[in-house]
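> sequence isn't available, so here's the structure alone:
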């Protein structure tokens, strides 16, 4: 069974960086959804150690994005590998989601700019 490690780091000002390690698939979806629903704060999702994400599970990411938008909070994806980037391009959501190379770059951007 695929495993997904989820690490949450609180940032000054109350934002969260959620670092994912492993494949994001149906088997790991519920843990991911529960983590992303925990609270309405600025959210950076670090995917630098995610080699694969199936298209059905992209919904959890999009739900978190919509929630952040509704509450005026920052939402950013970082560290996307080429395989996940292809998923974002094929599903036409790449242009919708704020994407940065690193967490450090994403932290320097305000909610109003993303």
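Yes, it's here. Given the structure is predicted, the values throughout are model-derived calculations rather than measurements. Numbers count the residues shown, from 1 in each chain.

> contacts and neighbour counts: CA atoms only from here.
OK.

> just the pLDDT for residue 17.
Looking at residue 17, its pLDDT reads 94.

> surely it and residue 47 touch.
No - when contacts are counted by Cα atoms under 8 Å, residue 17 is not listed as touching residue 47 (10.5 Å).

> for the residue nearest to residue 28 when sequence neighbours are not counted, which residues are in contact?
Nearest non-adjacent residue to residue 28, counting by Cα to Cα, 6 or more residues apart in numbering: residue 4, 6.1 Å away. Neighbouring residues of residue 4 by Cα atoms under 8 Å, 6 or more residues apart in numbering: 20, 21, 22, 23, 24, 28.

> bridging residues for residue 4?
Beta-bridge pairing of residue 4 under DSSP bridges involves residue 22.

> show the pLDDT at it.
pLDDT recorded at residue 4 is 84.

> quick check: mean pLDDT of the longest helix along the chain?
Criterion DSSP state H: the longest helix present in the chain is helix 58-70. Across helix 58-70, pLDDT averages out at 92.
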